[in-house]
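Student: Show me how the following folds:
(one chain, ligands or ions: 2)
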Amino acid sequence: MRVLVLGADGYLGWPTALHLSARGFDVGVADNFVRRQWDQELGVDSLVPIAGFHDRIRAWKDVSGKTLEPFVGDLNNYPFVAQMLASFRPDAVVHFAEQRSAPYSMIDRDHAVFTQVNNVVGTLNLLYAMADVVPACHLVKLGSMGEYGTPNIDIEEGFIEITHKGRRDVLPFPKQPGSFYHLSKVHDSHNIMFACRTWGLKSTDLNQGIVYGAETDETALDPRLATRFDYDGVFGTVLNRFCVQAVVKHPLTVYGTGGQTRGMLDVRDTVRCIELACQNPPADGEYRVFNQFTEEFTLTQLAELVKELRPATQIEYLENPRVEAPEHYYHAQHTHLMDLGLVPHLLSDTLLHQVFGVVERHRDRVNLAAIRPAVNWRQAHQLVESAPQRA
Ligand code: NAD
Ligand code: USQ
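Tutor: Numbering: from 1, shown residues only. Ligands and ions are numbered 1, 2, ... in the order given. So this is what the prediction gives:
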């Protein structure tokens, strides 16, 4: 099977490309390196040093003997997208290539507009190019559990059966996302569902929870194969941040009461879920949704887990820079990937110790000034002058 991984220079795209290649898929890898530019813009960097795209690809060839076919370009450039599909002829496209930080999208108007144009237009270009060039290809699209928000009912996998005034239908589950980034995912979902219905494309929308972890079997084989690991207040995600904070003895930055509950998963499960989705495509014209997470935690539970292993750690409850429900009901279905054979790596002391070990190795690269949250949802309009300027 030929799989094209878009956003293959990123935290999840790179390990996914290696995982699929290791399992015998013919893999193409695409990116425009805009993520590396956002590091420059924000004055931050991946904690773990990462090799350049072409160096990584050469390193994988050295280590595994396998080839990754590179494509360098922007999904917002339609001719690039169409030519890439015509040249690679994928059976599946795995689409990670978006601006994925909620805080980045909330810096100011400029960053909100950029995020939505980058994400929504990129995906729309991809849909048109697929319909034109490879209409039988399966789109595996990374969505987000955050598309649903935190409703006071169970969250279903994409669709809910509703009876209204005596009539019954199965409809998309309501979406109440919490940032302009998460909204871009909702807009993508609608566009993809429409393209499947209208043009007969097939797609799996993976509503993924928050990913943690620093390594997969393949990225650990050689330092040149390492994937990025973000801990800063804009791109760092919560558990990865807590691990870095604990190692450098910074208080754990819990926003608000810590009662917010989220679905989480290990990066090793991300790559396996993508493999399962690719191996089990939907029917022509089908748009399906899988909720891709393995466990639910409150933020306080995560902070306490880290503190248990590093007892000197302080926990600081900061005024929440985001607008989100502090305490809420949360129960989301996530059976589809298990039914396909996912055996989860549940969060364990072993995993946390492994992440601490990675952080210890690179602790001299931690920029303490980048740790505290820098973006306030309520004050976005005031940040226009002080906000980082997009390159
Ligand atoms: P990342 O920022 O590390 O990687 C994204 C990659 O996409 C980057 O290398 C970037 O350069 C590339 N890219 C962005 N816009 C592009 C464009 N227009 N053209 C070409 N390349 C472009 O992000 P990640 O953490 O690997 O996340 C990947 C995907 O998974 C995202 O869509 C994100 O929304 C989703 N996701 C991530 C998490 C998480 O916890 N990291 C959780 C749920 C969903
Ligand atoms: N939080 C803290 N302290 C921190 C950082 C975050 O308390 O230092 C809180 C936030 O307020 C939020 C929760 O932790 O309640 C999660 O924040 P996050 O930054 O770890 O994750 P989020 O913004 O939701 O975004 C990440 C990825 C995004 C993906 C999403 C999946 O960056 O690409 O879509 O996780 S989900 O959360 O399911 O929507």
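
Student: which residues in the protein form helices?
Tutor: Ranges of helices in the chain, per DSSP state H, are 13-22, 34-42, 53-64, 78-88, 102-105, 109-116, 122-133, 180-199, 238-247, 267-279, 299-309, 336-339, 349-361.

Student: now, of those helices, which is deepest in the fold?
Tutor: Highest mean neighbour count among the helices of the chain (mean count of other CB atoms under 10 Å): helix 13-22, with a mean of 26. Yep, even glycine has a C-beta here, placed from its N, CA and C like the rest.

Student: Please work out which residues outside stretch 278-289 touch it.
Tutor: The contact list for stretch 278-289, computed with CB atoms under 8 Å, 6 or more residues apart in numbering, reads 1, 3, 20, 25, 91-92, 94, 136, 138, 140, 143, 157-159, 189, 192-193, 196-197, 200-207, 336, 340.

Student: Determine whether any part of it lies close to ligand 2.
Tutor: No - using CB under 6 Å from any ligand atom, we find that stretch 278-289 stays clear of ligand 2, coming within 13.4 Å at best.

Student: Could you pull out the buried residues of that stretch?
Tutor: 278, 281-282, 287-289 (16 or more other CB atoms under 10 Å).

Student: In strands only, show me these.
Tutor: Among the buried residues of stretch 278-289, the members found in strands (DSSP state E) are 287-289.

Student: Reformat those residues as a markdown table; add pLDDT and distance to residue 72.
Tutor: As requested, those are exported to a markdown table (pLDDT from 0 to 100; distance: CB to CB, whole Å):
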| residue | pLDDT | distance to residue 72 |
| --- | --- | --- |
| 287 | 98 | 30 |
| 288 | 98 | 31 |
| 289 | 98 | 31 |
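
Student: got a list of what the closest residue to ligand 2 within the stretch 251-391 of the chain touches?
Tutor: Across the stretch 251-391 of the chain, the shortest distance to ligand 2 (CB to the nearest ligand atom) belongs to residue 255, at 3.5 Å. Applying CB under 8 Å, 6+ apart to residue 255 gives the contacts 299, 318, 320-322, 373.

Student: quick revisit: which of the contacts of stretch 278-289 are buried? Put it as a ChimeraX command.
Tutor: Of the contacts of stretch 278-289, the buried ones can be selected in ChimeraX as follows, counting by 16+ other CB under 10 Å:
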select :3,20,25,91,92,94,138,140,143,157,158,189,192,193,196,201,202,203,204,205,206,207,336
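
Student: Output those of the contacts of stretch 278-289 also counted as contacts of ligand 2.
Tutor: For ligand 2, no contacts are drawn from these by CB under 6 Å from any ligand atom.

Student: So for the closest residue to residue 231 other than its chain neighbours, what pLDDT did the model give?
Tutor: Of all residues not flanking residue 231 in the chain, residue 244 sits nearest, at 3.9 Å (CB to CB, 6 or more residues apart in numbering). At residue 244, the pLDDT value in this model is 98.

Student: Go ahead and confirm residue 244 touches residue 360.
Tutor: No - between residue 244 and residue 360 there is no contact under CB atoms under 8 Å: 10.2 Å.

Student: And the residue nearest to residue 231, how close does it get to residue 13?
Tutor: Here residue 244 is placed at a distance of 22 Å from residue 13 (CB to CB, to the nearest Å).

Student: Next: residue 145.
Tutor: Applying CB to CB, the value for residue 145 to residue 13 is 19 Å.

Student: wait, does stretch 111-130 make contact with ligand 2?
Tutor: No - using CB under 6 Å from any ligand atom, stretch 111-130 stays clear of ligand 2, coming no nearer than 10.5 Å.

Student: what is the mean pLDDT for that stretch?
Tutor: 98.

Student: Which residues does it contact?
Tutor: Residues outside stretch 111-130 that contact it (CB under 8 Å, 6+ apart): 6, 34, 74-78, 81-82, 84-85, 93, 95, 97-99, 104-106, 137, 139, 141, 180-181, 183-185, 187-188, 191-192, 195, 199, 201, 380, 387, 390.

Student: 7 Å instead?
Tutor: Residues outside stretch 111-130 that contact it (CB atoms under 7 Å, 6 or more residues apart in numbering) are 75-76, 78, 81-82, 85, 93, 95, 97-99, 104-106, 137, 139, 180-181, 184, 187-188, 191-192, 195, 201, 390.

Student: Could you give the separation of that stretch from the chain centroid?
Tutor: Offset of stretch 111-130 from its chain centre (CA atoms, centre = their mean, to the nearest Å): 16 Å.

Student: That one and ligand 1, are they touching?
Tutor: Yes - Stretch 111-130 is in contact with ligand 1 by CB under 6 Å from any ligand atom, via 118, 122.

Student: Pull up the distance across that stretch, start to finish.
Tutor: 28 Å (CA to CA, to the nearest Å).

Student: just stretch 293-312 next, same as before
Tutor: Here the two ends of stretch 293-312 are set 30 Å apart, with distance taken as CA to CA.

Student: can you check stretch 318-331 too?
Tutor: Stretch 318-331: ends 26 Å apart by CA to CA.

Student: buried set for that stretch?
Tutor: 320-322, 324-325, 330.

Student: measure whatever residue of the chain ends up closest to ligand 1 to residue 94 for me?
Tutor: Here the residue of the chain nearest ligand 1 is residue 10; by CB to the nearest ligand atom that distance is 2.0 Å. In this view, residue 10 and residue 94 are 12 Å apart by CB to CB.

Student: Tell me which residues touch the closest residue to residue 175 other than its chain neighbours, please.
Tutor: Using CB to CB, 6+ apart and skipping the chain neighbours, the partner closest in space to residue 175 is residue 186 (4.6 Å). Residue 186 makes contacts with 147, 175, 177, as judged by CB under 7 Å, 6+ apart.

Student: I'd like to know how many residues surround the closest residue to ligand 2 within the stretch 51-200 of the chain.
Tutor: Per CB to the nearest ligand atom, residue 146 is where the stretch 51-200 of the chain lies closest to ligand 2, at 2.3 Å. The number of residues packed around residue 146, counting by other CB atoms under 10 Å, is 25.
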